[in-house]
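# With the sequence up front, the predicted model follows.
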Amino acid sequence: MSKKFSLAALAVAATLVVACGEEKKEEAAAESTTTTAEAPAAAPAATETQEAAATPAAPAAEGDIIVAVAGPMTGDLAAFGEQLKRGAEKVVADINAKGGVLGRQLKLEIGDDQCDPKQAVQVANDLVKKGVTFVAGHFCSGSSIPASDIYAEEGIVQITPASTNPDFTEVPASKGVKTIFRTCGRDDAQGIFAGPWLAKTYAGKKVAILDDKSAYGQGLANETAKNFESSGGTIAIRDTYTAKEKDFSALISKLKDGAIDVVYIGGYHNDVALIARQSREQGFNADIVSADALNTAEFWSISGPAGEGVRYSDAASAVNLDSAKAVVEAFRADSYEPEGYTLNSYAAIEAWAAAATAAGSIEGAKVADAMRAAPIPTVLGNLTFNDKGDLTEVNYAWYVWNKDGKAIQEPLN
């Protein structure tokens, strides 16, 4: 396997605007972007649903299969990195307790890209050097896209639990790459869900659409705007903002002066929460609508009571599915609520393991073929992937933050 540094990926990374914005990296990040998860021991039969006990990290034993999870383990979006890591650690422990994959145990590596495209390239190269066979990640589209060039070049299967920008799968598929997948929906599908709803719900009202200029936020806002207008809506204000800004007063004043009735925001939870809080403080009470990046309790910890009534679109929750019941109960028994992308991360590794078993091989091309050959049972239900590596079906729903700081899913139509 070639372990060269991909100059092409660096070029892509340099031109992408990171989904969470540029952020100052800690000095420690420059030394290493990946860590080895503690190796989980097989759980006793009496506690099969519990998280397997961990032992100190050690070099991979001969015969171990090295897999990885990558995302923002530190930085402003670390809450999402935690979701990905928790899901990965749990499924690796569960798989190992049942004998592993093809009779071999899994060893988990963890990559921290801080949602920075350049750091994502470094993470990808580090993981290649460590001999990973599979990667669940990354989180931000702006990181997943440049990292995918490296994994594809090495024939490593990559499944993102969270990156929704269509280019993540569209561009590689156009080049004949077959090893890239996602266990989440796409921005264009989410735009089809949100745009017509906005046009119908706010007919005759003044609508503003904003984005944070990231691959995720801009792509989502553009798709929503396109579908909103094609459904008869008229955009009163279309604007952008800078991710991780601390003072949104100027933007809010513009929206307030424009007598905006509803604001759709393509961006991450930290910024949307601040916009909500500062809007209410400035007497701007328009409805606020966003998307799946608000699926974290950290949104409410930032917004406080100003977050009440804020809604976001996301895939219908899997926590109540029969297929997820045992895993969700095990997480909760360990005092962890599997919110956001936790189960998507679990399902990514679960799907890869099932495909490798079906293929009788961990070779990327063979696993990729098996991924598309038949529906794969996971905690998210039976997943079917198309030729591009996208899910063939994703059911979206609206979630609304209530006065108790809980995001409640509205009934599916």
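Great, that's in hand. Numbers count the residues shown, from 1 in each chain.

# Tell me which stretches of this protein form helices.
7-15, 27-31, 78-97, 117-129, 141-154, 167-174, 187-201, 215-230, 249-257, 269-281, 298-303, 325-333, 342-359, 364-373 (DSSP state H).

# Make TSV out of the ones you listed and add mean pLDDT, mean neighbour count and distance to Q105.
C-beta here means a position set from N, CA and C on the backbone, and glycine is covered the same way. Formatted as TSV, the helices of the chain follow (pLDDT from 0 to 100; neighbours: other C-beta atoms under 10 Å; distance: least, C-beta to C-beta, whole Å):
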stretch	mean pLDDT	mean neighbour count	distance to Q105
helix 7-15	41	16	30
helix 27-31	41	10	28
helix 78-97	98	24	5
helix 117-129	98	25	18
helix 141-154	98	27	22
helix 167-174	98	18	30
helix 187-201	97	21	37
helix 215-230	97	24	35
helix 249-257	98	15	51
helix 269-281	98	22	36
helix 298-303	97	20	33
helix 325-333	98	17	19
helix 342-359	98	26	12
helix 364-373	98	19	18
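
# So the protein: which segments form each domain?
Domain segmentation of the chain under automatic domain parsing yields 7-184+320-383, 187-309.

# Of all those, which one comes closest to A407?
Nearest of the domains of the chain to A407, taken as C-beta to C-beta: domain 187-309 at 7.0 Å.

# Now render the domains of the chain as a markdown table, adding distance to T392.
Output for these, formatted as a markdown table (distance: least, C-beta to C-beta, whole Å):
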| stretch | distance to T392 |
| --- | --- |
| domain 7-184+320-383 | 9 |
| domain 187-309 | 11 |
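
# Which one of these lies nearest to G405?
Proximity to G405 (C-beta to C-beta) singles out domain 187-309 among the domains of the chain, at 4.0 Å.

# Quick one: end-to-end distance for that closest one.
23 Å (C-alpha to C-alpha, to the nearest Å).

# got the contact list for A203?
The contact partners of A203, by C-beta atoms under 8 Å, 6 or more residues apart in numbering, come to G232, G233.

# The one 4 residues further on too?
V207 makes contact with L198, F228, G233, T234, I235, A236, I260, D261, V262, V263, Y264, according to C-beta under 8 Å, 6+ apart.

# which non-adjacent residue is nearest Q119?
D113 (4.7 Å; C-beta to C-beta, 6 or more residues apart in numbering).

# For L77, see how far away the residue positioned nearest the centre of the chain is.
In the chain, the centroid-proximal residue (C-alpha atoms, centre = their mean) is A162; its distance is 1.9 Å. As defined by C-beta to C-beta, to the nearest Å, A162 lies at a distance of 10 Å from L77.

# Touching both of those two, which residues are there?
Contact criterion C-beta under 8 Å, 6+ apart; residues shared by A162 and L77: F139, C140.

# Next, format the helices of the chain as JSON lines and append distance to N402.
As requested, these are arranged in JSON lines below (distance: least, C-beta to C-beta, whole Å):
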{"stretch": "helix 7-15", "distance to N402": "40"}
{"stretch": "helix 27-31", "distance to N402": "37"}
{"stretch": "helix 78-97", "distance to N402": "20"}
{"stretch": "helix 117-129", "distance to N402": "35"}
{"stretch": "helix 141-154", "distance to N402": "29"}
{"stretch": "helix 167-174", "distance to N402": "33"}
{"stretch": "helix 187-201", "distance to N402": "19"}
{"stretch": "helix 215-230", "distance to N402": "24"}
{"stretch": "helix 249-257", "distance to N402": "23"}
{"stretch": "helix 269-281", "distance to N402": "14"}
{"stretch": "helix 298-303", "distance to N402": "10"}
{"stretch": "helix 325-333", "distance to N402": "21"}
{"stretch": "helix 342-359", "distance to N402": "21"}
{"stretch": "helix 364-373", "distance to N402": "38"}
